[in-house]
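1. My questions are about this predicted structure, shown below with the sequence.
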Amino acid sequence: MRSAALSIAFLAWTAAAPAQQAPVRVILDTDIGTDIDDAWALGLAMTSPEFELLAVTITDGDTAARARIACKLLYTVDRSSVPVAVGRPTLPPKGVDYQLTWAEEFTAKRPVSLPAAQLIVDTVRRFPNQVTLVAVGPLQNVADALRLEPRLPALVKRVVLMSGSIRGSAWNPAPVPEWNVVRAIADAQLVYAAGFPLTTVPLDSTSYVQLKDEERERLRARATPLTRSLEALYRLWLDGPSRRMTLHDQLAVAERPLRHAPPASGRSGVHAHRRGRRPAHDRLFRAEAGSVHAVLPRRTDQVAVSCYRPAAWQCTARPSARSSWRS
Ligand SMILES: [Ca+2]
């Protein structure tokens, strides 16, 4: 799966041919600056002809410092017109985010004065039922946008999250507390319960997608301003020679709307089917449960997928303040 999924991300990124369909209008909500995949996900969102990137909103931790990375990346690819908005700051995660140093003195493009949640609401109101909100960090901004505009679920086209751990992953046969949920449990609960047309791309899928050395080298060898920037950020993120990027957030960005209706089969109102003809889609199932969808690996069989029912989707906080998804 890893190579195929990488193919979709990078082929979309580097595609010479124009997109055959109208670009998808996207807001990217990101905690860029901690893990490395956010920067690469932004690279995909801002350069692929399949997307019209309307705004970038910054969530979690030192949001102002994170925003400078997004501003600098957009500036690097001559996309300074895309607004970047800062979300409310929260206690930064433990550890040093060395990527922040890459942009700490950058001032050529600055965030807008609007808070992130307000920019999300304003943008969705400007393009009702046209905006796909892709959130690849903890969900403070999406939750705050909901608090500002409770009708948001009816105004967005869809919401795509990198979020959760449902049945297990490449690293663990059981669900584990997932970072984007753990960091903002109450906000995640609010978002999942809001009734968004929502797709989540959980650890179940993303953990299988890791960057191979030859793939990193292929991108680095392009030596464009963007690939040079991503390589610089990658080196700041690396803490050992054996570390490899897992493409969690890129997979959420590369997730796309269904281009045909799901089949009327399935059990207990839940449908699972393979998507499209693209290599990555051939390896993914989509499960549907009420308004919540999950992109799961192919190895998850239909019986397993059909276990999910709307009432079974819940975000639970454990006494240890850790959380997990349970079915
Ligand atoms: Ca992220």
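-> Cool, got the structure.
2. Listing request: residues of this structure with sub-threshold pLDDT.
-> Applying pLDDT under 70 to the chain flags residues 1-20, 256-327.
3. where do the helices sit along it?
-> 2-14, 37-47, 63-76, 116-126, 140-148, 152-155, 179-182, 185-193, 203-206, 213-222, 225-237, 248-254, 279-282, 302-305 (DSSP state H).
4. how about the residues of the stretch 51-200 of the chain that lie near the ion?
-> Proximity of the stretch 51-200 of the chain to the ion, by Cβ under 5 Å from the ion, involves residues 136-137. C-beta coordinates here come from the backbone N, C-alpha and C atoms, glycine included.
5. Counting neighbours, what do you get for residue 141?
-> Neighbours of residue 141 under the rule other Cβ atoms under 10 Å: 33.
6. Looks like it contacts residue 90 (just checking).
-> No - using Cβ atoms under 8 Å, residue 141 is not in contact with residue 90, being 10.9 Å away.
7. so what's the spatially most central residue of the chain closest to, chain neighbours aside?
-> What sits nearest the mean C-alpha location of the chain, by Cα atoms, centre = their mean, is residue 136, with 3.2 Å. Nearest residue to residue 136 in three dimensions, chain neighbours excluded: residue 249, at 3.8 Å (Cβ to Cβ, 6 or more residues apart in numbering).
8. check contacts around the one you found.
-> With contact taken as Cβ atoms under 8 Å, 6 or more residues apart in numbering, residue 249 is in contact with 30, 35, 37-38, 40-41, 136, 162.
9. swap the cut-off to 6 Å and go again
-> 37-38, 41, 136, 162 (Cβ atoms under 6 Å, 6 or more residues apart in numbering).
10. so which of those residues is the most crowded?
-> In these, the most neighbours by other Cβ under 10 Å go to residue 162, 30 neighbours.
11. hmm, back to that, ranking the helices of the chain by burial, who's on top?
-> Stretch with highest mean neighbour count among those: helix 248-254 (a mean of 29; mean count of other Cβ atoms under 10 Å).
12. gap between it and the chain center?
-> Offset of helix 248-254 from its chain centre (Cα atoms, centre = their mean, to the nearest Å): 5 Å.
13. picking up where we left off before, torsion angles phi and psi at the residue nearest to the centre of the chain?
-> Dihedral pair for residue 136: phi -120, psi 30, per degrees, to the nearest 10.
14. who touches it in this structure?
-> Counting by Cβ under 6 Å, 6+ apart, residue 136 touches 30, 41, 162, 249, 252.
15. swap in residue 33?
-> Each residue near residue 33 by Cβ under 6 Å, 6+ apart is listed here: 66, 69, 97, 99-100.
16. which outside residues touch stretch 214-230?
-> The contact list for stretch 214-230 (Cβ under 6 Å, 6+ apart) reads 6, 39-40, 43, 76-77, 231.
17. Then stretch 141-161?
-> For stretch 141-161, contacts defined as Cβ under 6 Å, 6+ apart pick out 29, 57, 59, 87, 116-117, 120-121, 124, 128-135, 187, 190-191, 194-200, 252, 255.
18. Lovely, talk soon.
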